[in-house]
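>>> coords please:
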Amino acid sequence: MNVLKKSLLAITVATSLVATTAVMAQSASSEKHAAKATELRQSIFKLLGSNMGPLGAMAKGKVPVDAKTAEKHAIRINQLSLMIADYTRTDTSKFDVKTEALAKIWQEPDHFRKDIDKLTLASTNLIAAAKSNDESAIKKAIGGVGKTCGGCHDHFKKD
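Here you go, the predicted structure:
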């Protein structure tokens, strides 16, 4: 790994750790507040999914691997990963909102933060792999991002 890649990785991880540890959960103050917080939280995850779709298609061989496209989606996922803590800080679990999020998000904040950090790191690795233009490395890095998404879903999302 060259110096630029190492620097990018270090900066991203450090930023992620600062961003995720600085945010503490607060209970929603009303049904309306919970509904708005849920809407915003779901927006982040919809955007994550919309960027994972093309990457998953590349990893599965449904579309050709394209380094520039992979890099674009990896950058977006990385940026969105840095927003997750902010948009999940409002605990909506005491209100009747339509969500697949489990209360564990707010009950196990350290675990959730670690999963966010894993996504940030995995997406940083995908950015580096995409810049290398190495198809095998790109597919492997896409798998790493997918694994972090799946791990979080397994623990913090309803089936």
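>>> Grab the nearest non-local neighbour of Ala37.
Thr90 (3.7 Å; Cβ to Cβ, 6 or more residues apart in numbering). (Glycine included, C-beta is placed from N, CA and C.)
>>> Just the element for the closest residue to Ala59 other than its chain neighbours, please.
Using Cβ to Cβ, 6+ apart and skipping residues adjacent in sequence, the residue nearest Ala59 is Ile142, 4.3 Å away. Per DSSP states H and E: Ile142 is located in helix 135-156.
>>> now for that helix, which elements pack on it?
In this structure, helix 135-156 makes packing contacts with helix 31-59, helix 67-81, helix 104-107, helix 109-132, judged by 3 or more Cβ pairs under 8 Å, 6 or more residues apart in numbering; DSSP states H and E.
>>> Can you name every helix or strand that the first one contacts?
Right, helix 31-59. If you count contacts as 3+ Cβ pairs under 8 Å, 6+ apart, helix 31-59 packs onto helix 67-81, helix 84-87, strand 90-91, helix 135-156.
>>> Can you check which of the ones you listed gets nearest to Ser123?
When the helices and strands packed on helix 31-59 are compared by Cβ to Cβ, helix 67-81 sits nearest Ser123, at 3.9 Å.
>>> Stretch 144-159: which residues count as buried?
Going by neighbour count (16 or more other Cβ atoms under 10 Å), the buried part of stretch 144-159 is Gly144, Val145, Gly146, Thr148, Cys149, Cys152, Phe156, Lys157.
>>> Now stretch 97-117: average pLDDT?
For stretch 97-117, mean pLDDT rounds to 96.
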